[in-house]
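A.B. asks: what's the 3D shape of this:
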Amino acid sequence: MTIAVQTLAVTGGQVAIALFLGVPAGFLCFRMDLPGRRLIALAALLAACVPMYAVAAAWMAWFGMPFWQFKTWGAIWLGGVAYAPLALLMAGGVFTAARNAAAEQAATLDVGPWGVFRY
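C.D. replies: Residues are numbered from 1 along each chain as shown. Here you go, the predicted model:
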């Protein structure tokens with residue numbers, strides 16, 4: 001596998017995992033009346049400031065030196081988990097900006113907040 005293809009595979013996997021974890025969490029934090037949502041958003045902001053190599057070092061400190069961490073799918077998993085708070089914050093910005101128009105349409109269609117998310 002060439003370096004470019006492997007880089008694209010790792011980056012694409014990290015983005016997919018980050019979006020899979022971050023977008024629903026952003027929806028819950030910024031669109032629903034979740035208790036402690038401001039604390040979760042603050043924790044995500046602080047977690048987004050941690051660099052990737054520090055996340056990998058913390059993972060090694062907590063769980064030892066697992067063999068999979070040095071494989072391609074280990075890098076994909078760690079990167080996806082590390083970038084999930086950033087995806088949460090970006091999705092939260094989108095959900096906040098689209099709140100008024102979507103809420104009016106949801107009231108017209110009577111679908112509720114989950115229906116707005118689906119459409």
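A.B. asks: quick one: the residue nearest the centre of the chain from Thr2, how far?
C.D. replies: Note on the chain: the residue nearest the mean C-alpha position is Gly22, at 2.2 Å, using CA atoms, centre = their mean. To Thr2, Gly22 is 29 Å away according to CB to CB, to the nearest Å. Just so you know, the C-beta spots here come from the backbone N, C-alpha and C atoms, and that holds for glycine as well.
A.B. asks: and for Val94?
C.D. replies: For Val94, the distance to Thr2 equals 35 Å [CB to CB].
A.B. asks: so what's Ala48 up against?
C.D. replies: Neighbour list for Ala48: 85-86, 89 [criterion: CB atoms under 8 Å, 6 or more residues apart in numbering].
A.B. asks: from these, pick the one nearest Trp114.
C.D. replies: Taking CB to CB as the measure, Trp114 lies nearest Leu89 of those, at 21.4 Å.
A.B. asks: so the closest one sits against Ala47, correct?
C.D. replies: No. Using CB atoms under 8 Å, Leu89 is not in contact with Ala47, being 9.5 Å away.
A.B. asks: no more questions from me, cheers.
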